[in-house]
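sharing a sequence plus its predicted fold:
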Amino acid sequence: MDARLTSSSLIKKGLKLFFVILLPLGGLWIAHHYFNVFRFDNSAIGERIYNQGIDSSGKPLQGQTEGDIEFKDAHFNCAQCHRRSGYGSSEGGNYVLPVTGASLFNPRRFDRADLFKKLFKESQSKLFWARMRSSYQRPAYTDESLALAIREGIDPSGRKLSSLMPRYKINDHDMAGLTAYLKNLSSHNDPGVDENTIYFATVVSQNANADNKNAMLSTIEKFVEWLNLETKGNLDHPNFSPSYRSDFAKAFRIWNHEVWELSDNPAEWPKELAAHYQKKPVFALIGGMAEGNWAPIHEFCEKNSVPCLFPLTQLPPVEQPGHYSIYFNQGLLLEAKAIAKYLLKEKKPDPAAPIAVLHADDAEGSKPARVFIQTLSADKALAVESIPVKDMESFRLEWTKYMESHPRIGKVVVWPGKLGSAILSELAARAQTIEQIFLPSELLQADLTSVSKELAPKLYFSYPYELPTAYHPRAFRVRAWMNTRRLPISNARVQFNTYYALNLLQYGLEHVVDHFSRDYLLEYIEHEAENALNPGTFPRLSLGPEQRFASKGAYLVQLDASGMQPVKPVSSWIVP
Amino acid sequence: MHLRYQWFLGIVFLWLYGESALAGDIMQGWMLSDPKPMASENPTRQSSEEHAKPSVKNYTRSEARYDIPDLQMVDKEGSAVDLRQLIDYGGPVMVQFIFATCSTICPVLSASFASAQPELDALAGDEYRLISISIDPEQDTPERLFEYAKRFKAGKNWHFLTGSRDDVSKILKAFEASYTGNNKMYHKSLTFMRSGPGANWIRIEGLLGRNDMVMEYKSLIGLPGPSKEREL
């Protein structure tokens, strides 16, 4: 009896427990299955597959391309060709179709404005033209037909996709994640743009050189004023163009440009930037100038996915990963590498006369010094002595000490940082026993008229710019534009570079039409940076997918004794 | 009481059994938000396969003679390489123009070399050379080309070259491969093949698969290709 009672109470307890577990589970399942709630968001898996080519098990994507080329390679991810924005790309006559949510899950409709560049400015394949002219386009994708396209290369109209499009081996779980990601890909405009206006800002720090700052900001101001006038004129006259330009009217926005001024304290910059951005989010940052390390601004841009286009900085964070910041070059670090490569090529190691590296202890002094020494270490025979200095007083002291201990000094490389051009007079006073002095290009901006005839032939400058003698047809056009707008050209390099950045931004925006995706804009900029927009400040400006430094080399120059030109090259274009 | 529990338990058990048999459907629930009857898929696939007949070749080929400029290039190890010597070594050679950050075409161009490698090794041993020349030489330093080569598991017969921008322009011009606006983003997918010094170059415009590559190579060195074998 007792045993029966015990077993029955055990069964009761077991059943209670069973129901306690089962009922919530059942409820969850019913809610999920019939009422569409508690749906798992697996688009994160899709995002990883799309951008990195890694599936949910952490393995690289597998599949076939060109019919029979097998791959197991994360580089064959979707973003590689369709790009991060999903708006596709075009390369060498291969048009890669857009895969944004709106384009995939709606019947295909080609828009002349969207395709303008592909239609009229690039050569395309026969397949492209056949597709454009076909009266029967594909219907909207469903989840199943999308899976069929990704796995077998058949689109919902029954057509076979180009063999360039890989046929992927993706399991159902990953396919669902990818589909979920694609449904929302570029589904809305990025912040910083509304119906009529697009917002931009330029970051300047209080301690940046005032003349350079003014040169940059006045150029931006004139450009925005000029562009807005044209946009307003066009918008006030619907169908203003008998040809194609009216097609783009939907994309026209008035540019609203602000200056974000930062304090002298870089530690406060993240907070200050966040406050500016919170007050009014911008679509992109254009140009910019700050004394010292650009890293805090770079980090802000990466964190908020804000394109930061061509700031004029000597210290871009070269080693930090970045997608949203694009620079003219690597600044002082490029100059450091170029001087080191020049010395490595000279190959006249003299252990008795090591290379002295004098550098200020701030970022603008110590960073290039470190990179210089690191690059030079490729040749173990070259001896280097690094001498950090705090201020002019310590510079004099250290330099005198060094000279006393080294009766003969071959080469001196100086990274003056905050000490600036004042260092020149100190070097001049003690240059008798030195063979060569290597300096960064910024010292060429200093007043060099006082440099003695004895010292001048010993000075070598890194020069990451186009030589003054070079001919660039576009330079004349830019100068003419500035003259017509009565914009005084006080610092040609700063102003021409600013103009280049603005022009590329305008060009990019025009071609993204009304798809205001920051990624898409960056993709256009990457694609078009190399076109004939270079105003002659650099020998060549070129980008490519995920390239973030447009000019990659430097000359070594000396002062031109003949006085015909400010400088003459003593090396070829060095690409370190 | 006890009986009622048993009865209830039986129903729950049956219900669970039914659902577990459709466990795939539970999974489908969150994988495919818009499930369609499976039956509708097959006719679509069939008709699409009819549409999607295996296409004829995706590329065009022509013959030409090119005058290779006498230039010094740099390979992926950073060593100087004489371009003419590398090409005119005496045996069959294939040349492609690529750049390491290229998004669409170059990975497939290089993948066609990579996938054909084992077969070329079996056919020719050391008697062939693959040459990939960077058209973005300032970006593609030897170190970056080394990484690129590693990605495609390039063997010892596959050479990667970079150099000065002017020299690369000269090579592009020599192969009639220059592109519009001097913008590398407009470059074409080209593969050049030659059986040996003095022979004509086969110029292939378009992208090749593994079999295409092997077949073209076989016809280059005078071996019967797969199509001919079938005919026999």
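Happy to help now that I have it. Residues are numbered from 1 along each chain as shown, chains lettered A, B, ... in the order given.

pLDDT weak spots in chain B?
Of all residues in chain B, those with pLDDT under 70 make up the ranges B:1-5, B:10, B:12-56, B:225-232.

now do the strands in the stretch 451-576 of chain A.
Chain-ordered strands for the stretch 451-576 of chain A, with DSSP state E, counting those that start in this stretch as the definition, fall at A:459-463, A:555-559, A:567-569.

so how far is the shortest one off the chain centroid?
It refers to strand A:567-569. Taking Cα atoms, centre = their mean, to the nearest Å, the mean C-alpha location of strand A:567-569 is offset from the chain mean by 30 Å.

that one near chain B at all?
No - contact of strand A:567-569 with chain B (Cβ under 8 Å from any Cβ of the partner chain) is absent, the minimum separation being 14.5 Å. C-betas here are computed from N, CA, C, even on glycine.

where in chain A is the helix or strand with the lowest mean pLDDT?
Taking mean pLDDT, DSSP states H and E as the measure, helix A:116-120 is the helix or strand of chain A with the lowest mean score, a mean of 67.

hang on, the earlier thing: residue A:157 is nearest to which of the strands of the stretch 451-576 of chain A?
Evaluated with Cβ to Cβ, the strands of the stretch 451-576 of chain A place strand A:555-559 nearest to residue A:157, the distance being 55.6 Å.

how about stretch A:217-225: buried residues?
Burial within stretch A:217-225, assessed by neighbour count using 16 or more other Cβ atoms under 10 Å in any protein chain shown, is assigned to A:217, A:218, A:219, A:220, A:222, A:223, A:224.

sorry, that was for stretch B:68-81
Taking 16+ other Cβ under 10 Å as the neighbour-count basis, stretch B:68-81 is seen to contain the buried residues B:68, B:71, B:73, B:74, B:75, B:76, B:81.

how about the helices of chain B, start to end?
B:2-21, B:23-31, B:41-51, B:83-87, B:105-124, B:142-151, B:165-174, B:210-220, B:226-231 (DSSP state H).

any idea how far the fifth one is from the chain center?
Relative to the mean C-alpha coordinate of its chain, helix B:105-124 is positioned 8 Å out (Cα atoms, centre = their mean).

OK, contacts around the nearest residue to residue A:464 once chain neighbours are set aside?
Leaving out its chain neighbours, the residue that sits closest to residue A:464 by Cβ to Cβ, 6 or more residues apart in numbering or on different chains is residue A:554, at 3.8 Å. By Cβ atoms under 8 Å, 6 or more residues apart in numbering or on different chains, the contact list for residue A:554 reads A:334, A:335, A:338, A:441, A:462, A:463, A:464, A:573, A:574, A:576.

how about CSV for the residues you listed, with distance to residue A:525 added?
Shown next, in CSV, are the contacts of residue A:554 (distance: Cβ to Cβ, whole Å):
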residue, distance to residue A:525
A:334, 20
A:335, 25
A:338, 25
A:441, 25
A:462, 27
A:463, 26
A:464, 20
A:573, 23
A:574, 26
A:576, 24
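
and residue A:388, that one's in a strand?
Yes - according to DSSP: H, G, I helix; E, B strand; the rest coil, residue A:388 belongs to a strand.

and it, how many neighbours does it have?
Residues within reach of residue A:388, counting by other Cβ atoms under 10 Å in any protein chain shown, total 18.

is it true that it touches residue A:366?
Yes - assessed by Cβ atoms under 8 Å, residue A:388 is found in contact with residue A:366 at 6.7 Å.

between the two, what contacts are shared?
Shared between the contact lists of residue A:388 and residue A:366 (criterion: Cβ under 8 Å, 6+ apart) are residues A:359, A:360.

so how far is residue A:54 from the closest residue to residue A:59 other than its chain neighbours?
Closest residue in space to residue A:59, ignoring its immediate chain neighbours: residue A:72 at 7.8 Å, by Cβ to Cβ, 6+ apart. Distance, residue A:72 to residue A:54, using Cβ to Cβ, to the nearest Å: 12 Å.

pull up the overlap in contacts between the two.
Common contacts of residue A:72 and residue A:54 (Cβ under 8 Å, 6+ apart): A:60, A:61.

can you list the domains in chain A?
The record's domain split for chain A, according to automatic domain parsing, is A:1-39, A:43-184, A:197-331+A:470-545, A:332-463+A:557-569.

nearest to residue B:214 among the ones you listed would be which one?
Among those, if distance is taken as Cβ to Cβ, the winner is domain A:43-184, at 9.8 Å.

okay, how far is it across the closest one, tip to tip?
Taking Cα to Cα, to the nearest Å, the first and last residues of domain A:43-184 lie 9 Å apart.
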